[in-house]
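Q: Structure here, sequence nowhere to be found:
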């Protein structure tokens, strides 16, 4: 083994070669490391691949994104319900469109005609002359007979009206009058069904059946209460619903902005996150039947003072519940498709990034 001539060795500036610090510095020098296999000594070894850093404030961004996603879902649900209420309850055209089908429901109209008869026979203009049909004695029996004759004529007239070809026009007028009365913010009275147009038709038809005008419909508006006694809960609820429904555009804009912000703040896999959020929205629409049943139960108090009001409100609640379920069902498929599209985009983005990293690593 050749021994370097001490005379040709250059003494380090920091001192003797025997100095441990000098030997350590020399060992750490890149020139003292062996060259990698297959590489010339002058070539530098390949650096290790860089590790991906975690996004800054990842935990806080996840938390904030979840809060915004929840806000988006709640605001979107409120906006969807407000839109439905605005188009089908607050606006007269939508209310009439839903309720118009009642005119073609023979069972409901038969119940309504019977209820109208019972209500008309309890009017003061009838009971002051004919009593209530339960009088005693000889003259009471005559009075009861007259009461039954008039009731039969009124019942025949009521059923004749609801089965006539012109009844849809009468029913449309009833709906228009009822909507205008209940959504009048200056009106502080209980919610009511305005049957003035129908009662006028029944009164006119009863006159032709009985041979004289009984004038049982009276003058002015004929209102049938839709509330429990001494209550204005339904009317107050309708006015509050009108104010809530007017802001449906605001709720939907808030929902969209919250979802966009949540998407931008989510650290990784943003499209997957958006897909999950939209998918949850699609699942929420499946809860519409339960919501519709709850609203129908709340809108149908059991102790309404008139049978006419009870029959109408029960039927209207059923129609509105059916409309709400249909509206929610129409949103389920589009939201599900949107969630699937976002998932596909997220998968494409992920594959593209993996391919780019593989290309960079092999270069």
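A: Structure received. All figures in this text were calculated on a predicted structure; none of them were measured in a lab.

Q: for the longest helix anywhere in the chain, packing partners?
A: Assignment by DSSP state H gives helix 307-362 as the longest helix of the chain. Helix 307-362 sits against helix 58-85, helix 92-99, helix 106-120, strand 192-194, strand 223-225, helix 270-284, helix 288-298, with contacts defined as 3 or more CB pairs under 8 Å, 6 or more residues apart in numbering; DSSP states H and E. Yep, even glycine has a C-beta here, placed from its N, CA and C like the rest.

Q: That helix to helix 58-85, inter-axis angle?
A: 150 degrees (axes from the mean of the first three to the mean of the last three CA atoms, to 10 degrees).

Q: what angle sits between helix 307-362 and helix 106-120?
A: Using the same axes, to 10 degrees: helix 307-362 against helix 106-120 is 140 degrees.

Q: which residues of this protein score low on pLDDT?
A: Filtered on pLDDT under 70, the chain yields the residue ranges 1-55, 124-125, 129, 131-140, 207-220, 298-303, 305, 363.

Q: now stretch 82-99, how far from the chain's geometric center?
A: Centroid separation for stretch 82-99 versus its chain: 14 Å, with CA atoms, centre = their mean, to the nearest Å.

Q: Please disregard the earlier target; I meant stretch 181-201.
A: In terms of CA atoms, centre = their mean, the centre of stretch 181-201 is set 28 Å apart from its chain centre.

Q: what's the answer for stretch 158-173, then?
A: 34 Å.

Q: List the buried residues for it?
A: Within stretch 158-173, the residues that qualify as buried are 158-162, 167, 170-171, 173, counting by 16 or more other CB atoms under 10 Å.

Q: How about stretch 256-265?
A: So stretch 256-265, judged by 16+ other CB under 10 Å, has buried residues 258-259, 261-263, 265.

Q: Now distance to residue 89 and secondary structure too, for those residues, in TSV please.
A: Below are the buried residues of stretch 256-265 laid out as TSV (distance: CB to CB, whole Å; DSSP: H, G, I helix; E, B strand; the rest coil):
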residue	distance to residue 89	secondary structure
258	27	helix
259	27	helix
261	32	helix
262	32	helix
263	34	helix
265	37	helix
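
Q: Helices of the stretch 101-250 of the chain, start to end?
A: 106-120, 124-130, 137-162, 167-182, 196-210, 233-245, 248-265 (DSSP state H, counting those that start in this stretch).

Q: nearest to residue 290, of these?
A: Proximity to residue 290 (CB to CB) singles out helix 233-245 among the helices of the stretch 101-250 of the chain, at 18.9 Å.

Q: related to what we said a few turns ago, could you identify which of the helices and strands packed on helix 307-362 is most buried?
A: Mean neighbour count (mean count of other CB atoms under 10 Å) peaks for strand 192-194 among the helices and strands packed on helix 307-362, with a mean of 23.

Q: Take the helices and strands packed on helix 307-362 and lay them out in a markdown table including distance to residue 317.
A: Shown next, in a markdown table, are those (distance: least, CB to CB, whole Å):
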| stretch | distance to residue 317 |
| --- | --- |
| helix 58-85 | 14 |
| helix 92-99 | 11 |
| helix 106-120 | 12 |
| strand 192-194 | 13 |
| strand 223-225 | 16 |
| helix 270-284 | 22 |
| helix 288-298 | 4 |
